[in-house]
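Undergrad: the sequence and its predicted three-dimensional model are supplied below.
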Amino acid sequence: MSFDSFGEFLAMGGHGFYVWWSYLLTVAVVGFVLIWPLWRRRRFLAEQRGRLRRADALGQQAEVESNAPEA
Amino acid sequence: MRASPGSEASLWVLFRGQLRRDLKLAFGQPSELANPLAFFVVVITLFPLGVSPEPGVLAGMAPGVLWIAALLATLLGLEALFRRDRDDGTLEQMVLRAQPLYLPVVARMLAHWMVTGLPLTLLAPVLGGMLNLAPEARLPLMLGLALGTPVLVLLGGVGAALTVGLRTGGVLLALLVLPLFVPVLILGVSAAELAGSGLDPTGPLLWLAAGTSFAITTVPFAIAAALRIGVETG
Amino acid sequence: MRASPGSEASLWVLFRGQLRRDLKLAFGQPSELANPLAFFVVVITLFPLGVSPEPGVLAGMAPGVLWIAALLATLLGLEALFRRDRDDGTLEQMVLRAQPLYLPVVARMLAHWMVTGLPLTLLAPVLGGMLNLAPEARLPLMLGLALGTPVLVLLGGVGAALTVGLRTGGVLLALLVLPLFVPVLILGVSAAELAGSGLDPTGPLLWLAAGTSFAITTVPFAIAAALRIGVETG
Amino acid sequence: MSHAVLDIRDLRCERDDRELFADFDLRLEAAQALQLRGPNGAGKTTLLRCIAGMHPEYEGSIRLLGVPVSGDQLLFVGHRPGISGLLSAADNLRWHLDLAGWRGSGGVVSAALERVGLIGYEEVPCQQLSAGQQRRVALARLALPTAEVPLWLLDEPFTALDDAGLQLVSGLMAQRLAGGGAILFTTHQPAPDLPGLSTRWIGAAS
Amino acid sequence: MSHAVLDIRDLRCERDDRELFADFDLRLEAAQALQLRGPNGAGKTTLLRCIAGMHPEYEGSIRLLGVPVSGDQLLFVGHRPGISGLLSAADNLRWHLDLAGWRGSGGVVSAALERVGLIGYEEVPCQQLSAGQQRRVALARLALPTAEVPLWLLDEPFTALDDAGLQLVSGLMAQRLAGGGAILFTTHQPAPDLPGLSTRWIGAAS
Amino acid sequence: MKYIPDGLRRLWHRMGSPRWFYETTGSWVPWLAASAALLLGVGTVWGLAYAPPDYLQGDSFRIIYIHVPAAYLAQAGYMLMAVCGVVLLVWRMKLADMVMATVAPVGAAFTFLALATGSIWGKPTWGTYWIWDARITSVLILLFLYLGIMGLRRAIERPEAAGRACAILAIVGVINIPIIKYSVDWWMTLHQPATFSVTSAPAMPPVMWIPLLLNVLGFNLLFAVSVIQGTRTEVLLRERRTRWVTDLCRQERA
Ligand code: HEM
Ligand SMILES: Nc1ncnc2c1ncn2[C@@H]1O[C@H](COP(=O)(O)OP(=O)(O)OP(=O)(O)O)[C@@H](O)[C@H]1O
Ligand SMILES: Nc1ncnc2c1ncn2[C@@H]1O[C@H](COP(=O)(O)OP(=O)(O)OP(=O)(O)O)[C@@H](O)[C@H]1O
Ligand SMILES: [Mg+2]
Ligand SMILES: [Mg+2]
């Protein structure tokens, strides 16, 4: 441990402002980068479910291809 | 509920309709709002690279650089400002039906300013900072840009309207318009420079303000007249 | 006498035809040849006004200013470079019939260069003189422009081709293209500055020459590919 | 005396040193439709543009309801119909409403688009529509409430339309005639069946 | 076995999540003309663009004389016909010749313009021509020697043409058929009289 | 392709299948995420609390533990995008396009992070937030290359066209990256002798560089997690009309 107290740890030898800002920003960016695809996925699934429900309610076959190109 | 033409409410509808349309064309998605901002940062980057990265030199150039970026941004979109409308017949409809034509013209110019002058004005403190502009010069620079860029856009609009039907768009247009930009450039730069050397920048700023109000009230008429000519040529 | 496609003579016909057409569009009358020249003089005038009229300062900035003028001129015409062709179906015909598409693309870029880079290169000594550029820097500056401006035009062409069908032409285009211009700007400026301070400018000039030859042989393929995409989107 | 909707007297107009009209008279009453016919380059479009005030180089008098023509008294759909390919059909029509200062609800836009058979295409950029669909967007203007003006000037409105589209548009025209409007239009195709329709030839048959 | 000029098999093509073609077959022999008909938005233009290679998102095979289509074996005149309004008719056509690598004399340009009735308009910027005259410039490409290719694709060629123009163009088409070419074209107007003409409907009749 | 053995070719094709990607990578994510968390946790706590302060910069040097990984990923991300671009243009592999589309915003985010942490770090070290140093300028230009690619993709409506356009731009850009880097380097150092050079970091003792190594690895895994997740989402979006995706949606509903 290179700090003697938690207060000193926060102060970072007078550079606390810069260090903590940097780390805060990093947490924000990393959070964004991790959450963004998940959020998009959730939104897509919700939309798609709604669409399927609508199609089912109409008693129709959902408009999909049956011969999806697959390897 | 057909509004009687010229009633106040229908004037507002006319103005708002044009503005909405033009903003929709400029920014299809909110993410596109970032494009003009990024554009200005790129332009600013060219100067340290092209001229000199030394903080002292940059600080001296900063107001000029920002103003030249403003000219550049105004010029870049200018050719397309009315040309597309002319090509698809939109301009004809505007000239024919808008009563008065003044209003959609003002709306169009406002929209163009919101893509060029406004983002630059808002970014000016940041860009100034990147170029080591003296802190006390930042506010006057910003004010100058806020007052001056509308004039650039309006004068540019006259040029664009005059050349709307012509083959030699780009270069001729720039040639027409750049000399008109010079007074704005000089006033804007000197406001920032005065402030940077500790003097009072209100003189040039007042001149700019006067010019802006004059331009806003008169230039759109010139643009409208030029557009009429452009439509008749078509 | 239908030439078999791909025969040498018909390749030449294809190239010459495109060049002739594009020059006709750029200069309807010989008097229009003066426009680009006048344009550069006006642009150069803005810098003493905007930044500083002192000879010493100007001399230091001169290479950068000329190069930034080159970027500016290249950018200004860029949006219209393929857009009109796309709107009237010319681009479709080009993509469909030109065998290979490479050739008319090169011709188009050459024509654009003759309106932007070439006049600037020819004017460079005069403009340099106006900006008090050291006499020994003038030749390297000119050489740098001669070698570098074709690259600017070609890289700009990639951006123009990629954005040909898009709504957000202007700003996005500038944003795509300006970062790519940076190395050319740096090499060109440093050649002139080295010479201005009595050093040998061949290093950057050789790099520029290498870059130019590489760009001329490869970039038109990228442009052609991008144009194909643009046509398919239409 | 009540005025004719459109009254043209002694029109003389030239273009490129060629006289297109001389001593040209034309009178169009309410509920009348007139088809202009004539070879390519005869001057049909030029005539429509003269009337709309977009080609001021003519001599003679053109009056709409007895007074000089004003843009808000007529509706002009030209070769280039004022539809931006970058905007959706709905946005385009909304702009046309705004341009005329229309203050009512925007619901009329979807009604108009439904009328011309473009349901489901309201929000597609017009660029991505077929040629005929783009024409339909342009002609949807005829179904907007702002189209209730004394005079319609339609320059080849039937271009690119299929048979159903042709029916639609002639239906809109018939409705306007019934509402007391007058219509002046050009087409090289056989004209649709309209009440009160007459034909006027322009230029020597080529 | 000799190949058909155009042979399309199992074409499947969709646009905007809508299937325009499925299991579509089409065969066109030399000296045959086929008119595509169908409602607006049926996919006629899309089909022509698929054939010309300007819409690559399809499945199936399209062959011209037994091999994949190459741009110099066909002539495509679309809605936007590749005529610049800023250039004169002659300049436009000369460029079209150059594009195909034509090395003969330029006299063919004025011959073509004469053929479509544009004598005296050779040097006028196309912008300043009437709509029908502009169409004629575009169609003058059919009268150039570079038009002697196996397949013509014409998208609504008769738009804006007067009766004389219609005759002219169908004359050019008949001549090409006689010369052994094949023609695939669309039009919503009644088709002209052509030898070997058949009609093919696309999309549900609306 | 003709000379490549059949088995390899089949593998290549299978790897190009979005569905294969979706189904295979699903199980990787938790493991990758856990390893990333572990590495970053240890590295960051070590770096922030246990590593000794720098003898010149004091504690502000602790920014290095995020700055360097971010700067590294900023460049690696662009390279990855360009490689995907080549794969897309040459082999027409759709999956490459989906990866490319996902990498762009993630890479841009890390580029932004490198710039932001760097310029925050600059204040205590140089006394100013911004300076036109070579490295910094070239990272800024890299950010614009990213933004350009993202803007282009958004502006083109058809995904196929957007993918190919972005691939062209990414490839042209990647040729430029080393050129930009070297030209800027060379130019700026011409004006500015190495007062503020970021390159000549003093040789660090292991207690300082081991956490850096841990964090670099951790950030890499994090990047991978984000890209994999993003690509999986992209797969669903683009294949939303195929049977397997609809089935998947129904399952999730049940
Ligand atoms: C906006 C400002 C800055 C930017 C854009 C920036 C960018 C970079 C880049 C691109 C790297 C290379 C990473 C790699 O090797 O892949 C790097 C490394 C590094 N930077 Fe920065 N930097 C900035 C400011 C700073 C500051 C202010 C310092 C401290 C004084 C600093 C210290 C370092 C160190 C020590 C390294 C790692 C050593 C090395 O690989 O050379 N940077 N930075
Ligand atoms: N913008 C213009 N500038 C100069 N002359 C023009 C312009 N537009 C048309 N003309 C000329 O005016 C004449 C009449 O053109 P107009 O467009 O009125 O014909 P039109 O009867 O509408 O023909 P079409 O049936 O082909 O549409 C033509 O000879 C044409 O060359
Ligand atoms: N550029 C485009 N992008 C996306 N979709 C398009 C585009 N062009 C056309 N479409 C769609 O493809 C379908 C077929 O269009 P196409 O132009 O082939 O029709 P068409 O049969 O030629 O109709 P028309 O008779 O109106 O010319 C239409 O539903 C249209 O909305
Ligand atoms: Mg006409
Ligand atoms: Mg069509």
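TA: Here it is on my side, so go on. Just so we're clear, the structure is a prediction, and the values are computed from it rather than from any experiment. Ligands and ions are numbered 1, 2, ... in the order given.

Undergrad: any idea which helix or strand carries the most centrally placed residue in chain B?
TA: Central residue of chain B (CA atoms, centre = their mean): B:Val153, 3.0 Å from the mean position. B:Val153 belongs to helix B:135-162 when assigned by DSSP states H and E.

Undergrad: tell me the buried residues in that helix?
TA: Using 16 or more other CB atoms under 10 Å in any protein chain shown as the test for burial, helix B:135-162 gives B:137-162. (Glycine included, C-beta is placed from N, CA and C.)

Undergrad: around ligand 2, which positions in chain D sit nearby?
TA: For chain D, the residues in contact with ligand 2 (CB under 6 Å from any ligand atom) are D:Arg15, D:Asp16, D:Leu20, D:Gly38, D:Asn40, D:Gly41, D:Ala42, D:Gly43, D:Lys44, D:Thr45, D:Thr46.

Undergrad: looking at those residues, which is nearest D:Pro125?
TA: Taking CB to CB as the measure, D:Thr45 is the one of the residues of chain D next to ligand 2 closest to D:Pro125, at 27.4 Å.

Undergrad: measure that closest one to C:Gly170 for me?
TA: Separation of D:Thr45 from C:Gly170 (CB to CB, to the nearest Å) stands at 32 Å.

Undergrad: quick one: which of these two has more around it?
TA: When D:Thr45 and C:Gly170 are compared for neighbours, C:Gly170 comes out ahead with 25 against 20, by other CB atoms under 10 Å in any protein chain shown.

Undergrad: so which helix or strand takes in that one?
TA: helix C:169-196.

Undergrad: which stretches of chain F have low pLDDT?
TA: Confidence mapping of chain F against pLDDT under 70 gives the ranges F:1-3, F:189-203, F:253-254.

Undergrad: is the helix holding C:Gly170 positioned near chain D?
TA: No: judged by CB under 8 Å from any CB of the partner chain, helix C:169-196 stays clear of chain D, getting no closer than 10.2 Å.

Undergrad: and that helix, what's its mean pLDDT?
TA: The pLDDT scores in helix C:169-196 average 90.

Undergrad: please work out the average pLDDT along the helix or strand just after it.
TA: Next in sequence after helix C:169-196, counting helices and strands by DSSP H and E, comes helix C:202-233. For helix C:202-233, mean pLDDT rounds to 93.

Undergrad: mind giving me the packing neighbours of helix C:202-233?
TA: helix C:80-87, helix C:90-97, helix C:102-115, helix C:135-162, helix C:169-196, helix F:159-191 (3 or more CB pairs under 8 Å, 6 or more residues apart in numbering or on different chains; DSSP states H and E).

Undergrad: quick one: the last one near chain D?
TA: No: residues of helix F:159-191 contacting chain D under CB under 8 Å from any CB: none, with a closest distance of 12.3 Å.

Undergrad: just how off-centre is the very next helix or strand once past that helix within its chain?
TA: Beyond helix F:159-191 on the C-terminal side, the first helix or strand identified by DSSP H and E is helix F:206-238. Here helix F:206-238 is found 8 Å from its chain centre; the criterion is CA atoms, centre = their mean, to the nearest Å.

Undergrad: in which helix or strand would I find D:Cys13?
TA: Here D:Cys13, judged by DSSP H and E, is contained in strand D:6-15.

Undergrad: name the helices or strands packed onto that strand?
TA: strand D:18-28, helix D:44-52, strand D:58-64.

Undergrad: which SSE is immediately downstream of the last one?
TA: Once the chain leaves strand D:58-64, the next helix or strand it forms, by DSSP H and E, is strand D:67-68.

Undergrad: could you pull up the mean pLDDT of the helix or strand harbouring B:Ala62?
TA: According to DSSP H and E, B:Ala62 maps onto helix B:55-78. Helix B:55-78 shows a mean pLDDT of 89.

Undergrad: quick one, what contacts the closest residue to A:Val33 other than its chain neighbours?
TA: In space, and not counting its chain neighbours, A:Val33 is closest to F:Ser226: 4.6 Å by CB to CB, 6 or more residues apart in numbering or on different chains. Residues near F:Ser226 by CB atoms under 8 Å, 6 or more residues apart in numbering or on different chains: A:Val33, A:Leu34, A:Trp36, A:Pro37, F:Thr102, F:Val106.

Undergrad: the first one sits in which helix or strand?
TA: Put plainly, it is A:Val33. In this structure, A:Val33 sits in helix A:16-57 according to DSSP H and E.
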